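# A structural model of the following input is requested.
(2 chains)
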2 protein chains.
Amino acid sequence: MKNISELFGIQYPIIQGGMIWCSGWELASAVSNAGGLGIIGSGSMTPDVLKEHIAKCKAATKKPFGVNIPLIFGHSAEFIEIVKTEKIPVVITSAGNPAKYTEYLQAEGIKVIHVVANLKGALKCESVGVDAIVAEGFEAGGHNGKEETTTMVLIPMVVDAVKIPVIAAGGIFDGRSMHAAFSLGAAGVQIGSRFAISKESSAHDLFKEEVVKSGDGGTQLSLKKLIAVRLLKNEFYNMVKEKEDAGASPEELLELLGSGRAKTGMFDGDLENGELEIGQVAARIEKIEPASEIINSIIAEFNEVQIDKLSKA
Amino acid sequence: MKNISELFGIQYPIIQGGMIWCSGWELASAVSNAGGLGIIGSGSMTPDVLKEHIAKCKAATKKPFGVNIPLIFGHSAEFIEIVKTEKIPVVITSAGNPAKYTEYLQAEGIKVIHVVANLKGALKCESVGVDAIVAEGFEAGGHNGKEETTTMVLIPMVVDAVKIPVIAAGGIFDGRSMHAAFSLGAAGVQIGSRFAISKESSAHDLFKEEVVKSGDGGTQLSLKKLIAVRLLKNEFYNMVKEKEDAGASPEELLELLGSGRAKTGMFDGDLENGELEIGQVAARIEKIEPASEIINSIIAEFNEVQIDKLSKA
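Prediction:
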C-alpha cells in the first residue's frame, strides 16, 4: 500500500494526534512545517477559540494542516461548519458516527479521516466512504475502546479487512515503532503522546515533566465503567482505582470525576487532582523536544532500520 | 542484533511458547522439525509425565527443543533436575526468580531463557546472566504482568536497556507481526496462541474451534486481583467479571476460580466452565493448521515484507 504522503500532500506519513489541551496552532504548525500533518485538537476549545487557532495556524505555516473533531462534544456541529468555511484540507473525526459528516465535508474537497479502536468501527468507516482510518491500539493515551486490542493485533486485522489506508496509532514513538507499524501494513502513523510532551505543546510544563519522569507501568486504562481513558497514575487515579476495586457504580465514578479534570491536570498543572491523559509511550519519553527534532529523528531512525531476509541457517 | 538462530542452533528465529495443556511432545517436535524451537510446556505436567514427553520428543526429532518451567509450581525443583539429567538444550523459566537456577543449568551447557513482562524483570534477568529474554506484551495469552505494557512499547524499551537478545512475545501471529517485532529490535519471536490452535496441540478440539470462531475483543485480561490472565470471554469469564464489577475481594475470586479450571476448558473442552487461556491474536486465527504450515507461511510472509525508505515527497 502506498503511504499517505501523497493523499494529504505532506512530506512524511506522520500525523500528529489531535489532543485536548496540548495541540493548538503552535504545535500543529510546527509539525506541518517539519513535514508531518499537524492537527489542531478542537476537543478542548470553544468555536471562537478554534477560529483563532485556525487563523494563527494559517499564518504560521503554508503547508497543509488538519483539525480533529470529537463528535460527542456539544460544539461539534459548529466545528464542522468552521472547518468547512475555512477549507481545512484534512478533518479527523472521532468518538461518534462517521456517517454523520463525511460526505458533507468531502463535498467541499476536504479529506476525512475517522478514528477507530476496533474492527467493527473500521468496516463502518469504509462503508461510509472516509478517506482513511486511524486505528488506535490499547496503548494509546486518552479515550480508548473497550476491546483493548493492541496496535500489534489491531493494525494487520484492519488492514486485511479494508481497502482504504490505515494509519496506525498507539505505541508509536520512534522510527523503529513507525517501521513496525509499516511492517503490519499501515500506510502512515499518528503520534500523539510524544508531541503532547514537545516544546510546542500547550500542556503545562509540570505535566510534561511528570511524563518525562514516569516509567514502565506508569499509565493505566482507567474508568472503564464510563468511557475508558488511559492516564498517568497519580492521586486522582489512585482515588478512581480504590473506588473501582470496591465495585463503584458508573454514577459514583462520574461523581468522583466531576468535570474539567483533564484541564486541571494537563493545562493547569495540578498533578494531584488532574486527569493526566497520556499513552504507554510515556515510559519512553525522556525529554521535552521541539516537534521538528522529533520528526527528524523518527525519519532518520526509520531509514536506519535494516532487516535481513530469513533463510535456512 | 543477530537473530537467535545461531544461539539456539535452529533454522528460524521462532520459538513456540510453552503452554499448559497445549504443548506436549507432539507440538514441540513438530515445531522443531519445521525449523523453529519447539517447547514442551511442563506447567500442566507431573514429573513422570514430563519425562515421558521428553523421551517421545527425542524420538520424534533430532533437532533442538526446549522445556518451559514456571517456577511458581510445586514441581519446579524436580523439573529442573529432569531437564538437567536429560540435557535439554534450552530451558525457559518463567513466573519466578531467574537467579534461582540460571547458573545451575548453564553449568551443564544448557541455554537459559527467562520470560518477563516488564523492564524491571528484564534488567534482573540480565544481571543474573540469562542467555536471552522473552519479553511478553499485554496482548499475550495466559498469565501476564500488571504493568499491561504492550509489545509495541515493551520491546524497544527492553532492547534499549539490555545487551542480551530479546525475543518478542504477545501479538505475534504472522510474518508481518514477526517483521514488526524485528523492526522494534527483537532478535526472535515467541509464538504461543497460534500454535495452541495448531493440529499438533494437545488442547481439546472444542477449545480450538471456539478460538477459530472468536473475533476482535474476544479475549480479556482478567482476574487482576489474583494473577492477571488473558482468556477467551465465556460463561466463566462472565461470572468473574460480574464479581469483579461488584468489587469482589481476592479471596472471593479465588473461591470462584477453584482449581483445575484451565484443564476443564482447554483440555477437557468444557467451554462454559473452563478457563480458556489464549492471546488477542485469537481474533486472527481462522483455521487449525499443522505447525509446519504455520512456520512456512510466517517465513514466506516475513520475506515478502517490503518497506521503502522515506524521503521528502
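
# Assumed A:I80 was part of a helix.
Yes: counting by DSSP: H, G, I helix; E, B strand; the rest coil, one finds A:I80 located in a helix.

# which residues sit in contact with the residue lying closest to it once chain neighbours are set aside?
Nearest in space to A:I80, with sequence neighbours left out and distances taken as Cβ to Cβ, 6 or more residues apart in numbering or on different chains, is A:Y101 at 5.2 Å. Every C-beta, even on glycine, is put in place using the N, C-alpha and C of the backbone. Contact partners of A:Y101, counting by Cβ atoms under 8 Å, 6 or more residues apart in numbering or on different chains, are A:L71, A:I80, A:V91, A:T93, A:V112.

# Show me those residues that map onto strands.
Counting by DSSP state E, the contacts of A:Y101 place A:V91, A:T93, A:V112 in strands.

# Just grab the bridge partners of the second one for me.
If I follow you right, that is A:T93. In this entry, A:T93 is beta-bridged to A:I69, A:H114, by DSSP bridges.

# which ones are touching it?
A:T93 sits next to A:N68, A:I69, A:P70, A:L71, A:K100, A:Y101, A:T102, A:V112, A:I113, A:H114, A:V115 when contact means Cβ under 8 Å, 6+ apart.

# Just give me the closest of those residues to chain B.
Top of the list for closeness to chain B, among the contacts of A:T93 and by Cβ to the nearest Cβ, is A:V115 at 15.9 Å.

# And that closest one, how far from B:Q16?
36 Å (Cβ to Cβ, to the nearest Å).

# Neighbour count for the two, which is higher?
It is B:Q16, of A:V115 and B:Q16, that has more neighbours when counted by other Cβ atoms under 10 Å in any protein chain shown, with 34 against 26.

# and the residue of chain A found nearest chain B, what does it touch?
At 2.3 Å from chain B, A:G247 is the closest residue in chain A, using Cβ to the nearest Cβ. Contacts were defined as Cβ under 8 Å, 6+ apart; by that measure A:G247 touches B:D245, B:A246, B:G247, B:A248.

# ranking these by neighbours, who comes first?
Per-residue neighbour counts (other Cβ under 10 Å) across those peak at B:A248, which has 18 neighbours.

# Quickly find the element holding it.
Here B:A248 sits in a region with no helix or strand, counting by DSSP states H and E.

# now do A:M19
With the criterion set as DSSP H and E, no secondary-structure element contains A:M19; it sits in neither a helix nor a strand.

# Same check on the one 3 residues further on?
Counting by DSSP H and E, there is no helix or strand that carries A:C22.

# Could you give the number of residues near A:E52?
A:E52, neighbours per other Cβ under 10 Å, totals 14.

# residue contacts, it?
For A:E52, the contact set (Cβ under 8 Å, 6+ apart) comprises A:W25.

# next one: A:G185
With contact taken as Cβ under 8 Å, 6+ apart, A:G185 is in contact with A:M1, A:I155, A:P156, A:V159, A:D160, A:V166, B:R176.

# And for A:I278?
When contacts are counted by Cβ under 8 Å, 6+ apart, A:I278 touches A:G141, A:G142, A:S193, A:A196, A:I197, A:V211, A:T219, A:R230, A:L231, A:L232.

# any idea how far it is from A:M152?
Between A:I278 and A:M152 the distance, using Cβ to Cβ, works out to 20 Å.

# Now list the buried members of the contacts of A:Y101.
Among these, those buried by neighbour count (16 or more other Cβ atoms under 10 Å in any protein chain shown) are A:L71, A:I80, A:V91, A:T93, A:V112.

# Give me the buried entries from the contacts of A:G185.
The buried subset of the contacts of A:G185 - by 16+ other Cβ under 10 Å - is A:I155, A:P156, A:V159, A:V166, B:R176.

# For the third one, pull up the helix or strand it's in.
Mapping A:V159 onto the secondary structure by DSSP H and E places it in helix A:151-161.

# which stretches of chain A aren't confidently modelled?
Within chain A, the stretches with pLDDT under 70 are A:1, A:313.

# for it, what spans make up the strands?
Counting by DSSP E, chain A forms strands over residues A:14-16, A:38-41, A:65-70, A:90-94, A:111-116, A:132-136, A:142-143, A:166-169, A:188-191, A:219-222, A:229-232, given from the N-terminal end onward.
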